[in-house]
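Chemist: build the 3D model from these lines:
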Amino acid sequence: MPNKTLFRSAALEQLSSPDALDQLLQVTRPTGWMALLACALLLLVALLWGWFGSLPITVTGQGVLLAPGGVRDIVSLSAGQLVSLDVNTGDTVTPGQVVARLIETGQSTATDIISPYAGRVLELQVIAGGVVERGDALLSLEAAEREDLEAIVYIPAAEGNKIQPGMPVLIAPASVKQEEHGRLLGQVVSVGDFPASRRGMLRVLGSEELLAALMADSATIEVRVALRSDSQTPSGYAWTSVQGPAIPLSSGTLCTAWIETSVKRPISLLFP
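Modeler: Model (predicted):
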């Protein structure tokens, strides 16, 4: 029986030949090692951040910047027909200024309606020529007792138990580009004990337009936020950027607020 071999003779000769002994063993290129090292460093950084880093947990709400002097209604002291309204929304009013004229029922001459307060007109609640009753609100006035602004924020009622006075807040006014100027810095001052009612919100906001913008489909809790002052910025308030916007902030500006309720390590989100 002929002797058979499993390998070709040429292959056996090549293995036994000393010609290839002087060839170097090919190893991984330096660029490959660098890529592997970079991946290892990124993984290490991610692990360190996950363990030692901090991730703020926030509750988001919608609100408005208002002067804390409050909103006051100027009311009619008599029933009759309103002859004229002498102010417009946004006008500044001084104490003793005539804001409207009224012809009382049964009278033929008009009497002046005078504002007892100083402030800015937020909303006209009647129109000239209309009939009003005693005690009807003619206009809403934002009292000018203080110039500082505060944020009135409405958050979902289900999140209300997470909010405590003293918690830090970031606020983005609708009139400011936050990607350019950052956000306002603030702090929670008070948290409502009960869901905000429509009447209560209107009393605070003083405007049907603001109420419509902030009235949610579900129950909300009112949170009041004090803005951090900074005399070095054009607005007079502290921002996450150095200077903030060059324009002043005005009362009635809508805003979005992020209330920081806690800080967690990122890794705790993966392994609670």
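
Chemist: for F194, give me its contacts.
Modeler: I221 (CB atoms under 8 Å, 6 or more residues apart in numbering). Placement of C-beta: from N, CA and C, glycine included.

Chemist: at 10 Å what do you get?
Modeler: Applying CB atoms under 10 Å, 6 or more residues apart in numbering to F194 gives the contacts 157, 160, 200, 219, 221-222.

Chemist: what's the per-residue pLDDT of T5 here?
Modeler: Listed pLDDT for T5 reads 54.

Chemist: one more: the one 5 residues further on?
Modeler: Among the per-residue scores, A10 shows a pLDDT of 58.

Chemist: quick thing: my sequence starts at 197, can you match it?
Modeler: Got it, the first residue is 197 from now on, which makes the last one we talked about A206.

Chemist: would JSON lines of the contacts of F390 with distance to D389 and neighbour count be doable?
Modeler: Listed next are those as JSON lines, based on distance: CB to CB, whole Å; neighbours: other CB atoms under 10 Å:
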{"residue": "A353", "distance to D389": "11", "neighbour count": "16"}
{"residue": "G356", "distance to D389": "9", "neighbour count": "19"}
{"residue": "G396", "distance to D389": "12", "neighbour count": "13"}
{"residue": "A415", "distance to D389": "13", "neighbour count": "14"}
{"residue": "I417", "distance to D389": "8", "neighbour count": "22"}
{"residue": "E418", "distance to D389": "10", "neighbour count": "22"}
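
Chemist: quick one: least confident of the residues you listed?
Modeler: Minimum pLDDT across these falls on G396, with 85.

Chemist: is the closest residue in space to that residue that isn't next to it in sequence bridged to anything, and to what?
Modeler: Using CB to CB, 6 or more residues apart in numbering and skipping residues adjacent in sequence, the residue nearest G396 is E418, 7.7 Å away. E418 forms beta bridges with Y350, as assigned by DSSP bridges.

Chemist: ok, now G259?
Modeler: V349, C451.
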